[in-house]
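Novice: no sequence for this one, just the structure:
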């Protein structure tokens, strides 16, 4: 009886230990700076920024080793031949085996002329509103944007007009375009804002996202659109997720923004990031909206925006990428 | 015990009687003429045909009384306002309540300028092959065709090129165009053969046919097609079905062809029907294909083609409509 009791106590302690370890993994013990501390830090840093070639090269080397972005960022005929099993990175135990139909939709190989020179990565933070960063953003050789943001005239001055790559989550196709099951005109028309850029869709991240992504492909192809569909490679998304998990970014899933900055750091000689700002107040202490075009908040607990920002800010301080979080012109408040 | 046995025998007889009555209703006792008898009859009748104005007017009156084709042949905003319950004519206990979305797809009112003058109704029978009827068909003021038939150059001489109304069963959308869930280009392109005609779809006949029909609407609208979608009114399809059931046409469902001839008799001053021939041999006794473009046979037991033909031939003999079943030019073998 005594032995039994002893054993059962031991197993309870074992379970508790595992739970604590899991807890620590999900919610690490290091303390995140408060909003005020982040604002003070950014203001203290001011406009000082110097490119650090060694830092850039080192980071690109790290990304190349973990994730091979140049070859793997998109699904291509080269990295995903017929019969290849693509494991969904956002699901457990689900995969898509490349078949005749899907294979025919893949680009032959990475279509970008690498390395890209100066890249702008545009997050959609409310901090962009009245930033006057449009010209700056457009001056880059390659402009990346997140989640099909609006680019109408009202925003041009703050966010620019040029786009070379824009991500499109399947959830947008579902919510905004009824999964493209009915009329597809609104979708095709709204995509004209992105000129002849690449549409980068995580078609193989979650199983329910595959069909809407394929439909998005067909909608553009049927309309003889100038846009080129690129499906994000789930292997790349998984390895980039792991890369950041090992660097104190703990969330169910990385934000599209951090994915895109990682991609840019892997592909570009010089990266400037705009509109990445996870706080509800600006540098002047005044409240700002979540996005530059609306104030719809994301699901809580899905992404870890402040954690991501801290990482990006460290890269900024080390000269690896430049973060623009204040006005671009005429006055520069922050970085 | 004797009473019980007597009662049970009575109920068995009762059930048997009901079964025999049902059997007679489904397979009536009147004898259908044999293939040879039909051919002989058509040959005997030869080229003699005379229009019978009284017969035409009488039949139109009968159709107007039962089915009101002028007002009811298509679903319109007028006959199907918001909230109206459309009962599927091909299903039991299923209905569609007109809502914001579907209402917006309906034409305002019957879009045809009635009455139509000379109408050609083109069935797709193999008898059309080498018939040289193309010119005759095209000379009508209004040309109706069944089930999106091919109109490529190879067939022009036999079937003509003009179309004013063409039916499209949702099953075609499913089989030939993968329900329009993916690319829609092949559908939109193939519909160009029908110029700026009406596409007449039984969207509310069977529940699984509604979504493909709506998608067909959107595909054409998105492509700014010249075609106009008309949804067949299930009430009209049901009343026409009943009309023919009372006239010895017993089948699970009328063929599209007989529906279309009925519509034409209700809307046109003069009707000529081509390509209606349910036999596997022609007037010369030689085997002919089922369709002018292929030899794919329909599901057996679904339609009652020879019964339908006998009815049409009686209308032909009475001068109510003209059936062309032989060569149109230069030699005329049959009607």
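Specialist: Happy to help now that I have it. What you see is a predicted model, and the numbers here were worked out from it, not measured in a lab.

Novice: okay, CA-based contacts and neighbour counts for the rest of this
Specialist: Fine.

Novice: could you pull out the buried residues of the one helix or strand residue A:101 maps to?
Specialist: Per DSSP states H and E, residue A:101 falls inside helix A:100-103. Within helix A:100-103, the residues that qualify as buried by neighbour count (16 or more other Cα atoms under 10 Å in any protein chain shown) are residue A:103.

Novice: does anything pack onto the next helix or strand after it? Which helices or strands?
Specialist: Note on helix A:100-103: by DSSP H and E, the next helix or strand toward the C-terminus is strand A:116-122. Helices and strands touching strand A:116-122, as assessed by 3 or more Cα pairs under 8 Å, 6 or more residues apart in numbering or on different chains; DSSP states H and E, comprise helix A:134-138, strand A:142-145, helix A:256-267, strand A:268-274.

Novice: following the shortest one, which helix or strand comes up?
Specialist: By that I understand strand A:142-145. Stepping forward along the backbone from strand A:142-145, the first helix or strand reached (DSSP H and E) is helix A:153-159.

Novice: quick check: mean pLDDT across the helix or strand just after that following helix?
Specialist: Using DSSP H and E, the helix or strand that follows helix A:153-159 towards the C-terminus is strand A:165-167. On average, the pLDDT along strand A:165-167 is 98.

Novice: give the pairing partners of strand A:165-167; include direction for each.
Specialist: Its sheet considered, strand A:165-167 pairs with strand A:142-145 (parallel), strand A:198-201 (parallel) by DSSP bridges.

Novice: quick one: closest of the helices and strands packed on strand A:116-122 to residue A:179.
Specialist: Between residue A:179 and the helices and strands packed on strand A:116-122, the tightest spacing by Cα to Cα is seen for helix A:256-267, at 20.2 Å.

Novice: which strands and helices lie in contact with the closest one?
Specialist: Taking 3+ Cα pairs under 8 Å, 6+ apart as the contact definition, the neighbouring helices and strands of helix A:256-267 are helix A:53-67, helix A:69-72, strand A:116-122, helix A:234-245, strand A:268-274.

Novice: same list, these, but as JSON lines with distance to residue A:324 please.
Specialist: Below are these laid out as JSON lines (distance: least, Cα to Cα, whole Å):
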{"stretch": "helix A:53-67", "distance to residue A:324": "17"}
{"stretch": "helix A:69-72", "distance to residue A:324": "24"}
{"stretch": "strand A:116-122", "distance to residue A:324": "10"}
{"stretch": "helix A:234-245", "distance to residue A:324": "21"}
{"stretch": "strand A:268-274", "distance to residue A:324": "5"}
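
Novice: wait, which of these is closest to residue B:259?
Specialist: helix A:234-245 (52.7 Å).

Novice: returning to that earlier point: export the helices and strands packed on strand A:116-122 to TSV and tack on distance to residue B:313?
Specialist: Compiled in TSV, these are given as follows (distance: least, Cα to Cα, whole Å):
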stretch	distance to residue B:313
helix A:134-138	74
strand A:142-145	68
helix A:256-267	69
strand A:268-274	78
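
Novice: any chance of these in a markdown table, plus mean neighbour count and mean pLDDT?
Specialist: Output for these, formatted as a markdown table (neighbours: other Cα atoms under 10 Å in any protein chain shown; pLDDT from 0 to 100):
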| stretch | mean neighbour count | mean pLDDT |
| --- | --- | --- |
| helix A:134-138 | 20 | 97 |
| strand A:142-145 | 24 | 98 |
| helix A:256-267 | 23 | 95 |
| strand A:268-274 | 23 | 97 |
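
Novice: so which residue of the stretch 201-335 of chain A comes closest to chain B?
Specialist: residue A:218 (4.9 Å; Cα to the nearest Cα).

Novice: again with the stretch 1-150 of chain A
Specialist: Among the residues of the stretch 1-150 of chain A, residue A:101 lies closest to chain B, at 10.6 Å counting by Cα to the nearest Cα.

Novice: and the residue sitting nearest the centre point of chain A, what is it in contact with?
Specialist: Centrality entry for chain A: nearest residue to the mean C-alpha point is residue A:256, 2.1 Å, by Cα atoms, centre = their mean. With contact taken as Cα atoms under 8 Å, 6 or more residues apart in numbering or on different chains, residue A:256 is in contact with A:146, A:147, A:167.

Novice: ok, the second one to residue A:160 distance?
Specialist: In other words, residue A:147. Residue A:147 is 16 Å from residue A:160, where distance means Cα to Cα, to the nearest Å.

Novice: picking that back up, list the contacts of the strand or helix carrying the residue of the stretch 201-335 of chain A closest to chain B.
Specialist: Following DSSP H and E, the helix or strand that holds residue A:218 is helix A:210-222. Outside helix A:210-222, the residues within contact range by Cα under 8 Å, 6+ apart are A:105, A:170, A:173-174, A:179-180, A:184, A:188, A:201-204, A:227, A:229, B:181-185.

Novice: now the element after that helix, going C-ward?
Specialist: Stepping forward along the backbone from helix A:210-222, the first helix or strand reached (DSSP H and E) is strand A:228-231.

Novice: each with direction, which strands does that following strand pair with?
Specialist: Under the criterion DSSP bridges, strand A:228-231 sits next to strand A:198-201 (parallel) in its sheet.

Novice: for the strand it pairs with, what is the distance to the chain centroid?
Specialist: In terms of Cα atoms, centre = their mean, to the nearest Å, the gap separating the centre of strand A:198-201 from the centre of its chain is 12 Å.

Novice: which elements pack onto the strand or helix carrying residue A:189?
Specialist: Element membership for residue A:189 (DSSP H and E) is helix A:185-190. Contact analysis of helix A:185-190 by 3+ Cα pairs under 8 Å, 6+ apart lists no helix or strand as a packing neighbour.

Novice: contacts for it?
Specialist: Taking contacts as Cα under 8 Å, 6+ apart, the residues outside helix A:185-190 that touch it are A:177, A:180, A:219, A:220, A:223, A:225, B:222.

Novice: do the same with stretch A:153-173
Specialist: Under the contact criterion Cα under 8 Å, 6+ apart, stretch A:153-173 has outside partners A:122, A:128-138, A:142-148, A:151, A:179-180, A:194-203, A:209-210, A:212-213, A:216, A:256.

Novice: what does the stretch 201-335 of chain A put close to chain B?
Specialist: Taking Cα under 8 Å from any Cα of the partner chain as the measure of proximity, the stretch 201-335 of chain A contacts chain B at A:214, A:215, A:218, A:219, A:221, A:222.

Novice: so what's the residue count around the second one?
Specialist: A total of 21 residues lie near residue A:215 under the criterion other Cα atoms under 10 Å in any protein chain shown.

Novice: nearest to chain B: which residue in the stretch 51-200 of chain A?
Specialist: Here the stretch 51-200 of chain A gets closest to chain B at one residue, residue A:183, 4.9 Å apart by Cα to the nearest Cα.

Novice: nearest residue to that residue other than its sequence neighbours?
Specialist: Spatial nearest neighbour of residue A:183, chain neighbours left out: residue B:218 (4.9 Å); criterion: Cα to Cα, 6 or more residues apart in numbering or on different chains.

Novice: about what we covered before: most neighbours of all the contacts of residue A:256, which one?
Specialist: Taking other Cα under 10 Å to define a neighbour, the member of the contacts of residue A:256 with the most is residue A:167, carrying 23 neighbours.

Novice: need the contact list for residue A:205.
Specialist: Residues counted as contacts of residue A:205 (Cα under 8 Å, 6+ apart) are A:88, A:89, A:90, A:91, A:234.

Novice: export those to JSON lines and tack on secondary structure?
Specialist: Supplementary listing: the contacts of residue A:205 in JSON lines, determined by DSSP: H, G, I helix; E, B strand; the rest coil:
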{"residue": "A:88", "secondary structure": "coil"}
{"residue": "A:89", "secondary structure": "coil"}
{"residue": "A:90", "secondary structure": "coil"}
{"residue": "A:91", "secondary structure": "coil"}
{"residue": "A:234", "secondary structure": "helix"}
